[in-house]
Structures are given as structure tokens and as C-alpha cells.
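Trainee: the sequence isn't on hand, but the structure is:
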Ligand code: MSP
């Protein structure tokens, strides 16, 4: 094995079923994990559910269930959904699991010993829906209402345990300037984090009382539970804090969205510094999906919930949905809009017209002119050499792009190469070449087929199901990223249309 790669997603609240936002982050993490496996790294990919929120107690009560019964149902919905969408997580953490709870208590006990966690009193404006205190200034800006659900903020006073966050501000700033041990990306999010730290950091409460027994008790003080956010952040470490998995720490990428940047870019690394643990190499914070031009909301009726996601998967296939999410999503600092028209446009142009069509044409032409057998290739052919070079350059560039988290650029480049192969096929016109020089036609078809194979090998992490079919058709299952692995004489297999063109009228 080469180096290791540890990637995580946020762990999702179990008070609701998964929606497009959850599936998006998890799919992007899955694609990263699959690329690193393709590059022969020792990968650990973790996702899961965050279960100790107070909302869970309320939601369970409304349904006449215990909090754990309600959490069980929704955690199962997340796990099942991820399976349906070909997510290859190595483990699924639930914060109610004993393995996690025990470790959280160990971490808190250690911080109490070092004095980084201490007992005190806190008074402030509390957003009950989000389970977080907002600063006095922010509360005023929000007109003392939750910016998320509009409900009044509560003035709350509690005895709490606090984490000495203020102590770690200089070290965090230094690390964020250096960027070689710990980094926040994209750049705009890093700047945001630096500015926020420069405004000054207060010590933060890390416990709650009155949670009705739902949560992880503070060691030695069972009236207090570990604040759900602190409990949740620890999952990234607790699940690999075993003799078999310790080598995966620190995480290479914590993939999150901008809504939870503060906790991941400030609180979490500071807690790790206090625990004397190495820091995650990158916290990558993407933006948000909107839907049909507006913020997703249940009341607007534009919410892309599980039923809608499954409907897309049923009509277009899971791979098509993964492709759309990966190439058109809000991976950078801009939000992206999910609309049916855009989806169909991308499906038809990238998948039906470019990728699916290239396979059709290659297998059709080899079928017609070479009895369905991959023809011989003249390595001296200038056309062959040019294609070999551009494709090989791409093959070399992709791992670098993936390592730099330039995921969208990498995928766009692959599809552009598929487009190039299509246009070169048109330009070379092997059906004409057949008449004058069948050897030339053979080379054209071999080279384009080999280009298609290599693009397909590299597209596997995004579209695991369809690429498997393409490789089987080419008799190239299990082949790697070296030019020339496609064997002349291989009999191509028959196949149906890979991505049938979607006509609007068919709806
Ligand atoms: N439980 C916390 C996270 C704890 S991590 C230690 C939480 N859960 S959540 O269920 O609300 O999930 C938030 C995450 O879901 C976002 O950070 C993002 O990954 C994903 N998304 C939720 N809505 C989204 C969009 N509209 N668009 C893209 N991703 C979004 O916060």
C-alpha cells in the first residue's frame, strides 16, 4: 500500500430524512475516496449520523417513540440511501454508539485534567432550533429571532463547562497562515476563518443541562451532558481511535458545507490542539444547492427530498445523478441551482451525446468493419501518437487535480476528452478511410477505442455502474491507466444504449 487517505462527511442530524444536500456532500466524499482507492492508497471513508440533538427528543415524543427508536429509523434511512447511491463508506458512525460515547468521555476527561475544560456560568441568546448561542451583536442584528426558523431567541443562563478556546487563537492563526499542517479551503473560506479569529475568540460552553438524559454525560457530573456539537465533532477521531485504525489519523479531508465552517475551522482544530492531536490537513467547505432558483424550502415546495432524488435516479439512473451532482454542484464558493431543465440538459449533452454516443459509434464501426474485433494499431501513425499524447497527459494530470481537490475541473477535462474523441472520429471518418486504406481505419478505431477506455477507467469513481458496462463491452474489465492495455483481437460485447437521450415530450 502507498499512502493513506482519510475522508469524512459531516454526520447528519437524524431528525429528518436525507435530502439532496446530504447526498451531495456524501457523493463528493465517495468520489474522492474512490479516486484514492483507484490510485492504490489505503483509504478510510467515514460518514454517519449525529443523534444527540434536543430536536430528536421532541420529534420522537410527537410520534410516541423513544429518542433512540426515532434515531434508529432515520439513521437507517441515511445508511440505506447511501447504499442505493453506491456510496462506499468504510464505516457508519452513530453518536449513540458506545464505542463513540466512551471515547468522547475520555477526551473530555483529559481536557478537564489539563484545565482546558473548566466549570463556569454562561448567559446569552440561545437559538433552540440550531442548538447554539449567538453573540449579543448577532442577536441584535437578527432582531432576536432565529435566522433559520424565525422563532424568538431565548435568553438563557446556565452553569456549564467551558473550553478555553481563547488560548488557541494565536496558534490557529499561525497554522492558517502557514497552511502546511492545517488548511481551510477554498481560499474565501480560509479568509473568512482568519478574519473571524482576528475579531477575537471567547471561551465556549461545551456542556448542556436539562437534556432529559439524551446525550453523553460529562465525566463526574451526570447533570451535564456534552454539548451536541462537541459530541459530534469528536466522531472524526473516536472512530479511528483504535489500534487497527489509528494510522488513518489525522483526517486528510473533512468535507463540509459553509453552514458549519465555524465548528470545523475553529472549534475542532482548537480542541485537537488541546488534546495534542495532529490536525486535519484540509477542512473543505463547499456551498449550497438552491432549487429551481430559490433557497430550498419545504413551504416553497421546491425541496429536493428523498422521494425526488429517488425519482431522478429511477428515470435517469444513479450514475447520471452522481455525474450531475459532481459536475454542476456548489463545490466552490458559489451556490448552484438544481433544476430539472439543467439536469436534462447536462444529461443529454454529456452523457447521451458525448459519452454514450462515443461507445455506440465505436462498437458500431468496429462491428461493421472489423467483425466486432478490436483492430490492429499502427504505432507509427501520427494521428495515433497525437491522441496517445493528449490522453496520456490527461491521465497524468488527473491524480494531481484530485489531490488538490480540483474535482470539478478534473471531471470537466475528462468529458472534454470524450468530446475530442468524438470529433476526431468524425474528422478521420474511418468509413471513408476503409475504402482507401483499411489499415488507417483500423488505427483510427483502435486509438479512439483506447482513448474511450482510458477516459472510462478514470470516470469509474463518478459512474461506477455505467463505466463497468463500458469496460465489459471493450473486454477491458480490470485494466489500468497505461496506454495500450486494450488488446487487439478482443471481441466486443453487445450492449444497449448507455444513456438513452431524454426527450422532453417523454415525461
Ligand atoms: N449534525 C451537524 C454536523 C455535525 S458534523 C461534526 C449538521 N447536520 S446536517 O444534517 O444539518 O447537515 C449539514 C450538512 O449537510 C452541510 O454541511 C452539507 O454538508 C449538507 N447540506 C445540507 N444542506 C445543503 C444544501 N442545500 N446544499 C449542499 N449541502 C448541504 O449540520
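Mentor: Right, received. Where do you want to start? The structure presented is a predicted model; accordingly, all values stated were derived computationally and were not measured.
Trainee: Three-state assignment for residue 48, please.
Mentor: Three-state call for residue 48 (DSSP: H, G, I helix; E, B strand; the rest coil): strand.
Trainee: run a quick neighbour tally on the residue nearest to it when sequence neighbours are not counted.
Mentor: With sequence-adjacent residues excluded and distances taken as CB to CB, 6 or more residues apart in numbering, residue 48 is closest to residue 93, at 3.4 Å. Every C-beta, even on glycine, is put in place using the N, C-alpha and C of the backbone. Neighbours of residue 93 under the rule other CB atoms under 10 Å: 23.
Trainee: just the one 3 residues further on next, same as before
Mentor: A count of nearby residues for residue 96, using other CB under 10 Å, gives 22.
Trainee: residues contacting the nearest residue to it once chain neighbours are set aside?
Mentor: With sequence-adjacent residues excluded and distances taken as CB to CB, 6+ apart, residue 96 is closest to residue 51, at 4.8 Å. By CB atoms under 8 Å, 6 or more residues apart in numbering, the contact set of residue 51 is 14, 67, 71, 75, 94, 95, 96.
Trainee: among the residues you listed, who's most crowded?
Mentor: Busiest of the contacts of residue 51 [other CB under 10 Å] is residue 14, holding 29 neighbours.
Trainee: tell me who's in contact with it.
Mentor: Applying CB under 8 Å, 6+ apart, we find residue 14 in contact with 49, 50, 51, 53, 56, 70, 71, 74, 75, 78.
Trainee: residue contacts, the fifth one?
Mentor: Taking CB under 8 Å, 6+ apart as the contact definition, residue 56 lies against 13, 14, 15, 67, 70, 71, 214.
Trainee: now, those residues that are in helices?
Mentor: 67, 70, 71 (DSSP state H).
Trainee: which one of those residues is nearest to the ligand?
Mentor: Among the ones in helices among the contacts of residue 56, residue 71 lies closest to the ligand (CB to the nearest ligand atom), at 12.4 Å.
Trainee: could you count how many residues lie near the residue in the chain positioned nearest to the ligand?
Mentor: As assessed by CB to the nearest ligand atom, the ligand sits closest to residue 21 within the chain, at 2.2 Å. If you count neighbours by other CB under 10 Å, residue 21 ends up with 19.
Trainee: same check on residue 66?
Mentor: 13.
Trainee: try residue 151
Mentor: If we define neighbours as other CB under 10 Å, then residue 151 has 11 of them.
Trainee: try the one 10 residues further on
Mentor: By the other CB under 10 Å criterion, the neighbourhood of residue 161 contains 22 residues.
Trainee: quick one: contacts for it?
Mentor: For residue 161, the contact set (CB under 8 Å, 6+ apart) comprises 108, 112, 117, 118, 119, 120, 205, 206, 207, 218, 221, 224.
Trainee: what pLDDT is listed against it?
Mentor: With respect to pLDDT, residue 161 scores 96.
Trainee: one more: the one 3 residues further on?
Mentor: pLDDT recorded at residue 164 is 97.
Trainee: ok, now residue 2?
Mentor: 63.
Trainee: do residue 507 as well
Mentor: As predicted, residue 507 sits at a pLDDT of 49.
Trainee: then residue 124?
Mentor: Confidence score, pLDDT, at residue 124: 90.
Trainee: please apply the same query to residue 157.
Mentor: 87.
Trainee: what number of residues lie near it?
Mentor: Counted by other CB under 10 Å, the residues lying close to residue 157 total 10.
Trainee: next one: residue 420
Mentor: By other CB under 10 Å, the residues close to residue 420 number 18.
Trainee: residue 209 now?
Mentor: So residue 209, with other CB under 10 Å, has 12 neighbours.
Trainee: repeat for residue 232
Mentor: Neighbour count of residue 232, defined by other CB under 10 Å: 27.
Trainee: contact partners for the closest residue to residue 85 other than its chain neighbours?
Mentor: In space, and not counting its chain neighbours, residue 85 is closest to residue 318: 5.6 Å by CB to CB, 6+ apart. Residues in contact with residue 318 (CB under 8 Å, 6+ apart) are 84, 85, 86, 465.
Trainee: cool, and residue 384?
Mentor: Contact analysis of residue 384 by CB under 8 Å, 6+ apart lists 377, 378, 443, 446, 447.
Trainee: residues near the residue nearest to the second one when sequence neighbours are not counted, how many?
Mentor: On the basis of CB to CB, 6+ apart, the spatially nearest residue to residue 378 that is not a chain neighbour turns out to be residue 443, at 4.7 Å. Here the count is done by other CB under 10 Å, and residue 443 has 25 residues near it.
Trainee: equivalent analysis for the one 10 residues further on, please.
Mentor: As a burial measure, the neighbour count of residue 453 was computed by other CB under 10 Å and equals 25.
Trainee: which strand or helix spans it?
Mentor: Applying DSSP states H and E as the criterion places residue 453 in helix 438-459.
Trainee: report all helices and strands that that helix contacts.
Mentor: Using 3 or more CB pairs under 8 Å, 6 or more residues apart in numbering; DSSP states H and E, the elements in contact with helix 438-459 are helix 357-370, helix 382-403, helix 407-428, helix 430-436, helix 464-473.
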